[in-house]
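build the 3D model from these lines:
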Amino acid sequence: MADSAVKGRGAQHNPANSYLKNRTEADEGEELKGGDTVYLQETAKGIVNKVNSPDLRDMLSMNPYQGCEHGCVYCYARPTHEYYGYSAGLDFENKIIVKHNAARLLRAHFEKKTWKPAAISLSGNTDCYQPAEKKFGITRQILGVCLEYGNPVSIITKNALILRDLDLLQELAAKNLVHVAVSVTTLNEDVRRILEPRTVTGQRRLGVIRELTKAGIPAMVMAAPMIPFLNSDELPEILKQAADHGALEAGFTVVRLNGPIGEIFENWCDTFIPDKKDRILERIREMHGGSLEDRRSHLRMKGEGEFARILGDTFRLFRQKYFEGRQLPEFDYTQFRVPGNGQLSLF
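Numbers count the residues shown, from 1 in each chain. Okay, here's the model as predicted:
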C-alpha cells in the first residue's frame, strides 16, 4: 500500500462536483484524510423509485441511505452524491444521508389505491445494510412494513448485518416474499482490502449465503463487478463456492466507470496498483466501445468485445455446471393486503 493512501477508504480524493462551479482545492502538501463518517438526516419526499431502463425491466427500488461507507472504489452509485452537492469521491463514503422517514413513506405508498403489488429492490443504489444500518435500523423497519402488507422485496448486500434480521426474513420467506442477493466481488483478501475497504471478507459473505439458506431464505450470488486483470479470473471459483454454500442462482456484471468514477478509479490505480493500471483501463475501454463509461442498455452490464465474450462464456459454463436444477422461488403477489384501519402502526 502506498504511504500516501487514505486509510480505510476506497476513493483517494474528492473530484470536482460536475454540478458546482466553484471547487475548493487542498493546499499543496496538505495531508488528505478520509475523515470520520458524518450522518445527515433527511426528510425524504418519496422512497419508491421506478428505474426506467430496458435492461432492468422497470425495476422498483428504495434506498434508505444515500452514500455508502463500504467505500467500494468502483461503485456505480457514486455520481448520485453530486445531486446533493457533494463529491462522488471521499464525500460519498463519509457523508451518509439518512432517510429517517423511509418506513413511514413506504407505508403511505402501499396505502395508495393505485398501488399494485410488485417486488421492490433494497437497494437499487447503495447498500441497505451498510454500517449506518446498525445505528439507525431503517432497513429493518422497511422489512417490517413489507411483511405487514405482504409485499415482495428483493435485497442485495455485501454486509453480514443482514443476519440480524433473520426473524423478519424467515417470515417473509415463508410467504415467498423475499429474495437475497449477496455480492461477492473477490475471495482475495489483498484485493478486497484496497478495493472494498470497509466490507466483510469474501468468505464471510459466502457464510452469509449458507446461513440464509439454512434458515430457509432463498439466496443467490452476484459476482460483481468483474474487473479485468484484478478479479475476473476468480469468476469460476466464486460461482463454485457460492453453490457449495447453498446459493440458488448466480449473476455477474462487468465494471463500468461512468462520470467521475473514471477519475476516482484511475487515481486509485495510481495509488495501489500502478503496474496494472494501463492494462486494466485498456481492457475496460475495449468492453465499452472505447470508453470507461457505458450507459447503453443491454451492453453496459455485460460489455462487448473479446474479453467480455470470454467472461460471458465462462459465466454461462460454470453457472450451468454448479447451478443446474436450482432456481429462486417465484414471488407470491397474492399475499398483499392493506391492514384494517384499526391496526396500530409499528413505525
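
now for the protein, the helix or strand with the poorest mean pLDDT.
strand 49-50 (a mean of 91; mean pLDDT, DSSP states H and E).

give me the contact list for it.
58, 59, 60, 61, 62, 63, 124 (CB atoms under 8 Å, 6 or more residues apart in numbering). For every residue, glycine as well, the C-beta is placed using N, CA and C.

cutoff 10 Å now
56, 58-63, 118, 120-121, 123-125 (CB atoms under 10 Å, 6 or more residues apart in numbering).

now the buried members of these.
Among these, the ones that count as buried by 16 or more other CB atoms under 10 Å are 59, 60, 61, 62, 63, 120, 121, 123, 124, 125.

and the gap between the first one and residue 123?
Between residue 59 and residue 123 the distance, using CB to CB, to the nearest Å, works out to 11 Å.

one more: the fourth one?
For residue 62, the distance to residue 123 equals 7 Å [CB to CB].

what do you get for the fifth one?
Remark: distance between residue 63 and residue 123 (CB to CB) = 4 Å.

find residues that contact each of residue 62 and residue 123.
By CB under 10 Å, 6+ apart, the residues touching both residue 62 and residue 123 are 49, 139, 142.

pull the residues that contact the longest helix along the chain.
In the chain, assigned by DSSP state H, the helix with the most residues is helix 306-323. With CB under 10 Å, 6+ apart as the test, helix 306-323 has contacts from 220-221, 223, 226, 228-229, 232-233, 235-244, 247-254, 282-284, 286-288, 299, 302-304, 326.

what residues sit buried inside it?
Those would be 307, 308, 311, 314, 315, 318, 319, 322, 323, for helix 306-323 by 16+ other CB under 10 Å.

paired strands for the lengthiest strand in the chain, with orientation please.
Determined from DSSP state E, the single longest strand within the chain is strand 219-226. The pairing partners recorded for strand 219-226 under DSSP bridges are strand 178-183 (parallel), strand 250-254 (parallel).

starting at the chain centroid, how far to the shortest one?
If I follow you right, that is strand 250-254. Relative to its chain's centre, strand 250-254 lies at 12 Å (CA atoms, centre = their mean, to the nearest Å).
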